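*Asks:* A predicted structure for the sequence below; I have some questions about it.
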Amino acid sequence: MVRELTYKDLLEAAHIGGPSTLTEKTELEPAAGFDGLVAPAKYLGRSDSVYVFEDRFVDQQVVNTVLIDSRTSQSNRLEEYIARTVRDNDVDSMFAQMPRIRVTYAYDANDKSGVGSKTAYDFELPHRAFDGHIRVGTVDGQSVSSLPDYVQARNSNANNMLSLFNLSPITVAFGGWDSTRPKNQLRIPSPFNGEIIGVLANQDAQNPVKRSGARVDPIEPSIRFEGNDIKEISRIVSSDISKNLKDKFEKGDKDKKPGAGSTIGLGAIPPATSALDGIAVRRIIRTHVLSFTTLRALRFGKGKEGDESIRALIAAMILAAMAGSNAELNLRANCELRELAAPSLLLDKRYGEAEEIEPISLEQGNALLKEAYEAAHDKAGIDWHGQTLEVEGNPLVIKSGSAEDDNE
């Protein structure tokens, strides 16, 4: 008989000899049905955007697949759910009480309404607690990189991760790499792994659809500026467009002549067959794996029971976030998916054995996280009350910012 996952299961998995993994698999389908297209993740190729095709072993057969969502993206989607609970101050979720780091950039120092500012939490920043936005910021005028608590957190290691966990639990739970440091570069592998793949409709072909929509201009279908008009229009829009786009408008490129209105959003654009639009698949599989063996490599200086309670708390964090992410299946434009069936969960029992577990609902995930936190609070002194390290973003970052890609 299939049963629910319990806190006891997580505690057993937190010590040596316990289960190695918990694996969740979900069959998905395009919201429009398998006769519709899906838009996989795009990657930068040698000259253009491409999809990632690869052979996989699915149901005892080698099949040609396309990567719809990568491991990094799936991890970020769990963090997107956490960000929502924090920003909404969701009282039903322990994530709203979790310690975090928040960076705030003031775009206008005279604007006290908050409209002229932008904030980002450690669970939204690419490198989490080690992110550059945090390191170049200040707290009460003092450099974050020199704060004793922050330095102590960065000096954490696998033998005692407590300082970092107290400051930024998300960094320990989802991994991080303090890559810019000249020494003591802490690397934390994430216990979570996930991806979404699509089995191609035609195994022998990798033929993505290429097309783009048209743009209709109700004023004039074709607009091209010449001579001094180019300089005048460029002057007017110069503060609203990037330098590269300004140069392209003034000088043209291999595709457009100087003064082309379409470069700055004027005039019509006919439909084209150059941009990736989607691909047909006959099966979509989402896989999530929680590695207890990765968690068991971490210690927190709280003794056997205390350390195990913190590992169980991290596992509960990941599972609660996974349940929340599953409830909001939102990947990208033109990739609307739905669950074809309930997720299947297998809890490793060692020696080739596994036990099937009921899918974890949003309510069960929240309850499991709360129970794990209370146990870690009692056994290891973990204290979550929404404490936030408030970092003032360095204004030079905003001054030097650009919408251009940093590929030069």
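*Replies:* Looks like it came in fine. Residues are numbered from 1 along each chain as shown.
*Asks:* buried stuff in stretch 199-213?
*Replies:* For stretch 199-213, burial by neighbour count (16 or more other Cβ atoms under 10 Å) applies to 199, 200, 201, 208. All C-beta spots, glycine's among them, are computed from the backbone N, C-alpha and C.
*Asks:* what is the longest helix along the chain packed up against?
*Replies:* Identified as the longest helix of the chain according to DSSP state H is helix 303-327. Judged by 3 or more Cβ pairs under 8 Å, 6 or more residues apart in numbering; DSSP states H and E, the packing partners of helix 303-327 are helix 7-13, strand 21-30, helix 71-87, helix 169-174, strand 192-200, strand 281-291, helix 292-295, helix 362-380.
*Asks:* the residue nearest to the spatial centre of the chain and residue 321: what is the separation?
*Replies:* What sits nearest the mean C-alpha location of the chain, by Cα atoms, centre = their mean, is residue 76, with 1.7 Å. Residue 76 is 11 Å from residue 321, where distance means Cβ to Cβ, to the nearest Å.
*Asks:* now swap in residue 99 and tell me
*Replies:* 16 Å.
*Asks:* also residue 171?
*Replies:* Counting by Cβ to Cβ, the gap from residue 171 to residue 321 is 14 Å.
*Asks:* again, but for residue 345
*Replies:* In this view, residue 345 and residue 321 are 15 Å apart by Cβ to Cβ.
*Asks:* returning to that earlier point: which SSE is immediately downstream of the longest helix of the chain?
*Replies:* strand 337-339 (DSSP states H and E).
*Asks:* ok so, going back, of residue 99 and residue 321, which one has the most company?
*Replies:* A direct count of neighbours by other Cβ atoms under 10 Å for residue 99 and residue 321 places residue 321 higher, at 27 against 19.
*Asks:* OK, contacts around the closest residue in space to the more buried one that isn't next to it in sequence?
*Replies:* Using Cβ to Cβ, 6 or more residues apart in numbering and skipping residues adjacent in sequence, the residue nearest residue 321 is residue 78, 3.9 Å away. Counting by Cβ atoms under 8 Å, 6 or more residues apart in numbering, residue 78 touches 174, 192, 318, 321, 322, 324, 325.
*Asks:* and the last one, how many neighbours does it have?
*Replies:* Other residues near residue 325 number 24, with proximity taken as other Cβ under 10 Å.
*Asks:* how close does it sit to residue 362?
*Replies:* 10 Å.
*Asks:* and the next helix or strand past the helix or strand where residue 250 lies?
*Replies:* Using DSSP H and E, residue 250 falls within helix 243-251. Using DSSP H and E, the helix or strand that follows helix 243-251 towards the C-terminus is strand 272-278.
*Asks:* output the contacting helices and strands for that following strand.
*Replies:* Applying 3+ Cβ pairs under 8 Å, 6+ apart, we find strand 272-278 packed against strand 49-50, strand 209-212.
*Asks:* what average pLDDT does that strand get?
*Replies:* For strand 272-278, mean pLDDT rounds to 76.
*Asks:* what lines up beside it in the sheet?
*Replies:* Next to strand 272-278 in the sheet, as set by DSSP bridges, lie strand 209-212 (antiparallel).
*Asks:* which residues touch the strand it pairs with?
*Replies:* 37, 271, 272, 273, 274, 275, 276, 277, 278, 279.
*Asks:* direction included, what does the helix or strand hosting residue 56 pair up with?
*Replies:* Assigned by DSSP H and E, residue 56 falls within strand 53-58. Sheet pairing of strand 53-58 (DSSP bridges) gives strand 61-69 (antiparallel).
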